[in-house]
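# can't give you the sequence, but here's the structure:
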């Protein structure tokens, strides 16, 4: 009987101990979930459930403070290739005044085509329809240039155009980091291959895509008009370098209309023709004679120069000469004494004079006279009221 009573007491004791351990464990788990208990003397305030949080009002125009987020490990940043800057003609410097200011870029070269530098404002004389004008603006500082390479992409003469196109890569070697370059190719219509950019590698990549032409047409006059219009509102020193045959198939514009556009253009055109490569192998024809005359006239009226290289090896020197000429132009500006806004064409003439007003004589270091040539636009169209 005593043994039975001892067993009952022992079982009750074990049950009490187990219950106590279970209560203690449950309390410890709850305290771990609630966080550490406040230290002695610290008062804890528990907000009521219905109470709204007290958010301090921020002063006007002051950013509100955001709670800090828990730090997280950011993924590795992959360096992105810097996109080439594109030109925005609306952001390019242009001269706009209420007066009828006429800008004329003048290039003075020797017989080899090398620019002659060191001339001053007093050495230039500008005639507007035969009337001397007073030069108000004069600049000789070297500035970045903007060039559009206009390329004929026709399969009719592609065997020779490909040679000229390959050497077009050489032209990029003479461009400075701040120069703008664009590429437009044409067959039946002009296509923008590469828009204005500083990135020469992007231009090279664009030229690499011109491999298999699909048409034999070459609407040169339409393409020239399109390119001249794109560069009309671009300020600074600029030019169009046209690699082409000069043969136009069926442009909407006629030769006379294109010549009028070149006369009124403020962008010099530098055609680089492949006609000589063709004629020395197949002889001249009516088409080649007309094309040569058209390119020469368009270049002259626009203030540029036409090139007719006979061999591929002459192209690098031509591109270098064009780049050098654009950088050493003299920028002149005058307000015409005849301010009639009749929309008519005014013929310009630029001369070099000395301090007495006589024709200027230029000599080299040995004192020998140098034959020089003045390249400038032939005229301009007055604004129409």
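Yes, it's here. Here the structure is a predicted model, which means the values were calculated and not measured. Numbering: from 1, shown residues only.
# Output the below-cut-off pLDDT ranges for the stretch 101-250 of the chain.
141 (pLDDT under 70).
# Go again with 80.
Across the stretch 101-250 of the chain, the ranges flagged by pLDDT under 80 are 113, 141-143, 157-167, 235-236.
# need the helices for it, in chain order.
Counting by DSSP state H, counting those that start in this stretch, one finds helices in the stretch 101-250 of the chain at the ranges 158-172, 200-208, 220-230.
# Go through the second one and flag the buried ones.
In other words, helix 200-208. Under the neighbour-count criterion of 16 or more other Cβ atoms under 10 Å, helix 200-208 has 200, 202, 203, 206, 207 buried. (Glycine included, C-beta is placed from N, CA and C.)
# which among the residues you listed gets closest to residue 336?
Set against residue 336, the nearest of the buried residues of helix 200-208 by Cβ to Cβ is residue 203 (38.8 Å).
# I'd like the distance between the closest one and residue 197.
Taking Cβ to Cβ, to the nearest Å as the measure, residue 203 falls 7 Å from residue 197.
# Now the common contact residues for the two.
residue 181 (Cβ atoms under 8 Å, 6 or more residues apart in numbering).
# Identify whichever of the helices of the stretch 101-250 of the chain lies nearest to residue 333.
helix 220-230 (20.8 Å).
# Geometric centre of the protein: which residue is closest?
residue 196 (2.9 Å; Cα atoms, centre = their mean).
# doesn't residue 181 make contact with that one?
Yes. Contact criterion Cβ atoms under 8 Å: residue 196 and residue 181 qualify, at 7.0 Å.
# Please identify every residue contacting each of these two.
Counting by Cβ under 8 Å, 6+ apart, the residues touching both residue 196 and residue 181 are residue 146.
# coming back round to it: mind putting the buried residues of helix 200-208 into TSV with distance to residue 157?
As requested, these are exported to TSV (distance: Cβ to Cβ, whole Å):
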residue	distance to residue 157
200	27
202	27
203	23
206	21
207	18
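# Can you report how many residues neighbour the residue lying closest to residue 341 once chain neighbours are set aside?
Leaving aside its chain neighbours, residue 341 sits nearest to residue 385 (4.0 Å; criterion: Cβ to Cβ, 6 or more residues apart in numbering). Per other Cβ atoms under 10 Å, the neighbour tally for residue 385 reads 7.
# Verify the stated contact: residue 385 with residue 339.
No. The criterion here is Cβ under 8 Å, and residue 385 misses it with residue 339 at 10.4 Å.
# Just the strands from the stretch 251-385 of the chain, written as ranges.
Secondary structure of the stretch 251-385 of the chain (DSSP state E, counting those that start in this stretch): strands at 269-273, 330-334, 345-352, 372-375, 379-381.
# I'd like the ones you listed as a markdown table, with distance to residue 235 and mean neighbour count appended.
What follows is the strands of the stretch 251-385 of the chain, written out as a markdown table (distance: least, Cβ to Cβ, whole Å; neighbours: other Cβ atoms under 10 Å):
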| stretch | distance to residue 235 | mean neighbour count |
| --- | --- | --- |
| strand 269-273 | 18 | 25 |
| strand 330-334 | 11 | 20 |
| strand 345-352 | 19 | 16 |
| strand 372-375 | 20 | 16 |
| strand 379-381 | 16 | 18 |
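# Which one, of those, ends up nearest to residue 150?
Among the strands of the stretch 251-385 of the chain, strand 269-273 sits nearest to residue 150 (Cβ to Cβ), with 8.6 Å.
# Next, the angle from the closest one to helix 158-172.
130 degrees (axes from the mean of the first three to the mean of the last three Cα atoms, to 10 degrees).
# distance between strand 269-273 and the chain's centre?
Counting by Cα atoms, centre = their mean, to the nearest Å, strand 269-273 is centred 20 Å from the centre of its parent chain.
# correct me, but residue 304 touches residue 268?
Yes. With contact defined as Cβ under 8 Å, residue 304 counts as touching residue 268 (3.5 Å).
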